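Visitor: Here is a sequence together with a model predicted from it:
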Protein chains: 2
Amino acid sequence: MTKQVNIGILGYGVVGSGLYQLLVRNGEEIAQRVGVAVRVARVADIDWTRPRPFLPPEELRTTDAREVIAAPDIPVVVETIGGVGAALDLVREALMAGKSVVTSNKEMIAKHGHELLDLAAAKGVDLFFEGAVGGTIPIIRALKESLEANHLDTILGIVNGTTNYILTQMSDEGRPFEEVLADAQRLGYAEADPTDDIEGFDARNKLAILSAIGFGLRASVEDIFTEGISHITPTDLRYAAQMGYIIKLLAIGRRHDGRVELRVHPTLVPRGHPLASVRGAFNAIFIHGDGCGDVMLYGRGAGDLPTGSAVAGDVIEAARNVISGCRGRVLCTCVADAQVVSMGEVETRTYLRLRVADRPGVLGKIATAFGEEAVSLASVIQLDTDGRVAEIVMVTHKCPEGCLNKALRRIEALDVVEAVASRIRVLDEE
Amino acid sequence: MTKQVNIGILGYGVVGSGLYQLLVRNGEEIAQRVGVAVRVARVADIDWTRPRPFLPPEELRTTDAREVIAAPDIPVVVETIGGVGAALDLVREALMAGKSVVTSNKEMIAKHGHELLDLAAAKGVDLFFEGAVGGTIPIIRALKESLEANHLDTILGIVNGTTNYILTQMSDEGRPFEEVLADAQRLGYAEADPTDDIEGFDARNKLAILSAIGFGLRASVEDIFTEGISHITPTDLRYAAQMGYIIKLLAIGRRHDGRVELRVHPTLVPRGHPLASVRGAFNAIFIHGDGCGDVMLYGRGAGDLPTGSAVAGDVIEAARNVISGCRGRVLCTCVADAQVVSMGEVETRTYLRLRVADRPGVLGKIATAFGEEAVSLASVIQLDTDGRVAEIVMVTHKCPEGCLNKALRRIEALDVVEAVASRIRVLDEE
């Protein structure tokens, strides 16, 4: 017999409307398969006059989120407002009121997930957030449930569709960052203020969540080294391609010796790596664990229906738990706070592009400076001379960033060196 | 506070031992993260004298599976025996005895899943089988829970590692099937009797399961068209590569107009498709749904620890449900029996290689025969003539297989045609 669970939605933007559309469109099939009919009983938004492609009927709409939270017949509240202002207050209130909460709010979960999961546990309710990372990709449940018997050591993610779209376009068309960004904004792939995406802050929030769940180790977002893509040039993309690499903005988590490396930065990915072929607005998360080996999950990283699909999956799960009387079945899976390795200690290979004087002996001086800081070079290519200035492209062997930093300070001080034009980390092949 | 759930394992082969190793190795981390300590209380196998890399202590071993099922302190029984003989009887008995069951037995779930899930529901226990499809890949939970709000229309899987390994080697090295198979057997990638893998029967079982879960429509394995890879030649792999395709054994499920296409066969996959880069013993499952769009999950399709990881995830889930008092939370998600489209009605593009007399007018006769059955050709290449016999490689436009069959019967009857040497279906690009 099909039972019914009412839900309330707070925030009717892109994700909220995607969720509503899916639940309405596929409601009958869902009810048949799950044995639970999920009914949207109330939708709150502060502004119903904004134009939207798909509106809930008038009688479901309200401008008062607290009315939704207070409704005794709504055991599951969905928060798709975003940010850590009103959304955070409302989620706290909903949990306090004994409601299960589903959210797609990555910033909130990255920064307050621990507190909120503890609150959910105390109240014996669910807090799910599949939509917060990787859009439609079922990564949270994979990490929290399916792969839970593994000791994971690596999580590599393309978790920001905007930057992946921009890098793909730049790489395909050889066009500069600013031009492609402007296009992306026109096409709706980038926001009017793109800072969060292009500076890597969005990816950083997602990495904090992935690390907490995949490694069971909580990190503060401030501890995550973060570098965006605005300095990436078509020149670097071209050189990288010549050497067999694609440049991607990666969120990188690695666990070794009880500590974790957490960093977000543009990365040269070898063309044969599964992440290299993730193009456009798609996301993918690559995992390595002691049992599962290499696993990758791939899908759309954003959008109304894709993220709505992830949120709807959580809503159904929450509804199942209401019906089965086992809310709070899966909550915080963290073991401890993360000890984050400082960037100076992190060992990477690095791609460098130097602009140097075009005269004999230059390479010798540079190589000597590297050697004195124990940085060894895997490959060096001298390119594109105009008679006065030459470009040298090199890739280092693996070395601590601290050593590389010292070497680069020496090199920048050389009179024959005009500039270290680019420095991009290279993904280590296992 | 950490609670303990005892489990019993029936069958200590590759998967059983992988499961045991993971649960022992990562037991403490699992207990911390899940709040449930999973303890292997008993392991049954009929022959403990076989050499194994990792043995449970003597006091856990038994040769009597029924003793494990009967143990009152074991609420979760894992079946990793395989096949539909003893395994099926034991699983039935375990469910009847009120035990939750976890299995990696694809043949059993493909052929008896419906009955067993109904039995589990009647007894109020769990029946999980993540390890039955795609090895370590969390595809069952993704379909059954995460993507459940979608109407899925496509499931494409590389679900057999042995054949993918063989095809990858053949393609990389230009070596014939028999030779690569013999190597694969030596290396342990193929069994002594490889029939199940190379003839597609293993993939067929997995497709039956994927279709039942992804579409909610149950099909009998006998209704699934199945063709293996033993007729694939290096010549075809080379021609395919020249045209931009990789040949993969795909399990294909498509839903349209209330019916499903279900077929397992070698398939030309365009090089840019996410499945094309799945190499060696890896598996991947590509899904398309109305909300999620394109999703792909990738990982190791077999092996002790990879499949052990999937089984262990299910064991933890079953243990959680024991602790939370909500066994039977997620069971059968099928809506109905599938109406399977007959192969004569299925529309595909097809790659054909014909051996024909090397003389003028041959192509005209062939083209006429195709035209008379309304089969149109997308491309034709005439190749490799030895003066007497020529090879013609062609790819048809999309047409019903029934029409193509009729055209090929006419063509085979032509005196200028020596043989239709190859016929391989082409993956439709959406």
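Guide: Yep, that arrived.
Visitor: ok and the helix or strand containing A:Glu317 relative to helix B:304-324, angle-wise?
Guide: Assigned by DSSP states H and E, A:Glu317 belongs to helix A:304-324. Calculated by axes from the mean of the first three to the mean of the last three Cα atoms, to 10 degrees, helix A:304-324 forms an angle of 50 degrees with helix B:304-324.
Visitor: Could you give the separation of helix A:304-324 from the chain centroid?
Guide: 21 Å (Cα atoms, centre = their mean, to the nearest Å).
Visitor: Skip ahead from that helix and say which helix or strand is next.
Guide: Following helix A:304-324 in sequence, per DSSP H and E, is strand A:336-337.
Visitor: Check which strands are paired with the very next helix or strand once past that next one and give the direction for each one.
Guide: The helix or strand immediately downstream of strand A:336-337 is strand A:347-357, counting by DSSP H and E. Paired with strand A:347-357 in the same sheet, following DSSP bridges, are strand A:389-396 (antiparallel), strand A:399-400 (antiparallel), strand A:417-426 (antiparallel).
Visitor: buried sites along strand A:347-357?
Guide: Neighbour-count burial for strand A:347-357, counted by 16 or more other Cβ atoms under 10 Å in any protein chain shown, picks out A:Thr348, A:Arg349, A:Thr350, A:Tyr351, A:Leu352, A:Arg353, A:Leu354, A:Arg355, A:Val356, A:Ala357. Where C-beta positions appear, they are placed from N, C-alpha and C, glycine not excepted.
Visitor: can you check stretch A:394-403 too?
Guide: A:Met394, A:Val395, A:Thr396, A:Cys399, A:Pro400, A:Glu401, A:Cys403.
Visitor: can you tell me if stretch A:23-30 touches chain B.
Guide: Yes. Legend: contact between stretch A:23-30 and chain B by Cβ under 8 Å from any Cβ of the partner chain is shown at A:Leu23, A:Arg25, A:Asn26, A:Glu29, A:Ile30.
Visitor: residues touching the third one, list them.
Guide: The neighbourhood of A:Asn26, defined by Cβ atoms under 8 Å, 6 or more residues apart in numbering or on different chains, consists of B:Ala149, B:Asn150, B:His151, B:Asp290, B:Gly291.
Visitor: again, but for A:Leu262
Guide: A:Leu262 neighbours (Cβ under 8 Å, 6+ apart): A:Leu207, A:Ala208, A:Ser211, A:Ala219, A:Asp223, A:Ile224, A:Phe225, A:Ile252, A:Gly253, A:Ala338, A:Val340.
Visitor: could you pull out the helices for chain A?
Guide: A:14-25, A:27-34, A:65-70, A:86-96, A:106-123, A:139-141, A:161-173, A:177-187, A:195-198, A:201-214, A:234-242, A:304-324, A:362-372, A:401-413 (DSSP state H).
Visitor: separation between the residue located most distally from the centre of chain A and A:Glu372?
Guide: The centre of chain A is farthest from one residue, A:Pro360, which by Cα atoms, centre = their mean lies 45.3 Å away. Remark: distance between A:Pro360 and A:Glu372 (Cβ to Cβ, to the nearest Å) = 21 Å.
Visitor: Report the residue ranges of every domain in chain A.
Guide: Chain A breaks down into these domains under automatic domain parsing: A:3-135+A:304-332, A:139-300, A:347-426.
Visitor: Would you mind giving the ones you listed as JSON lines with distance to B:Tyr245 added?
Guide: Output for these, formatted as JSON lines (distance: least, Cβ to Cβ, whole Å):
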{"stretch": "domain A:3-135+A:304-332", "distance to B:Tyr245": "28"}
{"stretch": "domain A:139-300", "distance to B:Tyr245": "16"}
{"stretch": "domain A:347-426", "distance to B:Tyr245": "31"}
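Visitor: okay, now the closest residue to chain B within the stretch 151-300 of chain A: neighbour count?
Guide: Using Cβ to the nearest Cβ, A:Gly291 is the residue of the stretch 151-300 of chain A that sits closest to chain B, at 3.5 Å. Residues lying near A:Gly291 (other Cβ atoms under 10 Å in any protein chain shown) number 29.
Visitor: same check, this time on A:Asp64
Guide: A:Asp64: 11 neighbours (other Cβ under 10 Å).
Visitor: Could you list the contact residues of the stretch 201-350 of chain A toward chain B?
Guide: A:216, A:274, A:277, A:282, A:289-300, A:303, A:305-306, A:308-310, A:312-313, A:315-317, A:320-321, A:324-326, A:328-330, A:333-335.
Visitor: Flag the shaky bits of the stretch 51-200 of chain A, pLDDT-wise.
Guide: By pLDDT under 70, the stretch 51-200 of chain A contains no weakly predicted segment.
Visitor: quick revisit: so which of the domains of chain A comes closest to B:Ile46?
Guide: domain A:139-300 (25.7 Å; Cβ to Cβ).
Visitor: now the closest one, how far from the centre of its chain.
Guide: On Cα atoms, centre = their mean, the centre of domain A:139-300 falls 6 Å from that of its chain.
Visitor: now the end-to-end length of it.
Guide: Using Cα to Cα, to the nearest Å, the end-to-end distance of domain A:139-300 comes to 12 Å.
Visitor: What is the helix holding A:Glu317 packed up against?
Guide: When contacts are defined as 3 or more Cβ pairs under 8 Å, 6 or more residues apart in numbering or on different chains; DSSP states H and E, helix A:304-324 sits against strand A:3-10, helix A:14-25, helix A:27-34, strand A:36-44, strand A:76-79, strand A:100-103, strand A:127-128.
Visitor: What's the local residue count around the closest residue to A:Leu60 other than its chain neighbours?
Guide: Nearest residue to A:Leu60, sequence neighbours excluded (Cβ to Cβ, 6 or more residues apart in numbering or on different chains): A:Val43, at 5.2 Å. Residue neighbour count, defined by other Cβ under 10 Å, stands at 26 for A:Val43.
Visitor: thought A:Val43 was touching A:Ile7?
Guide: No. With contact defined as Cβ atoms under 8 Å, A:Val43 does not reach A:Ile7; the gap is 9.6 Å.
Visitor: Tell me who's in contact with A:Val125.
Guide: A:Leu95, A:Gly98, A:Lys99, A:Ser100, A:Val101, A:Arg327, A:Gly328.
Visitor: now do A:Cys326
Guide: B:Asn321, B:Ser324, B:Gly325, B:Cys326, B:Arg329.
Visitor: Just the buried subset of those, please.
Guide: If you count burial by 16+ other Cβ under 10 Å, the buried members of the contacts of A:Cys326 come out as B:Asn321, B:Ser324, B:Cys326, B:Arg329.
Visitor: And the residues you listed, which two are furthest apart?
Guide: Pairwise across the buried ones among the contacts of A:Cys326, and taking Cβ to Cβ, the largest span is found between B:Ser324 and B:Arg329, at 8.5 Å.
Visitor: Now for the residues of stretch A:23-30 next to chain B: which two are most distant?
Guide: Taking Cβ to Cβ, no two of the residues of stretch A:23-30 next to chain B sit farther apart than A:Leu23 and A:Glu29, at 10.8 Å.
Visitor: These two: which is more packed in?
Guide: Comparing A:Leu23 with A:Glu29 by neighbour count (other Cβ under 10 Å), the higher total belongs to A:Leu23, at 24 against 17.
Visitor: From what I see, that one and A:Ala37 are in contact.
Guide: No. The pair A:Leu23 / A:Ala37 is not scored as a contact, 9.9 Å apart, by Cβ under 8 Å.
Visitor: Identify the contacts common to these two.
Guide: Joint contacts of A:Leu23 and A:Ala37 (Cβ under 8 Å, 6+ apart) are A:Ile30.
Visitor: Next one: the residue nearest to A:Leu237 when sequence neighbours are not counted from A:Ile381, what distance?
Guide: Computed as Cβ to Cβ, 6+ apart, the closest residue to A:Leu237 that is not its neighbour in sequence is A:Ser171, at 4.7 Å. From A:Ser171 across to A:Ile381, the span is 19 Å (Cβ to Cβ).
Visitor: quick one: which of those two has more around it?
Guide: A:Ser171 (21 against 14).
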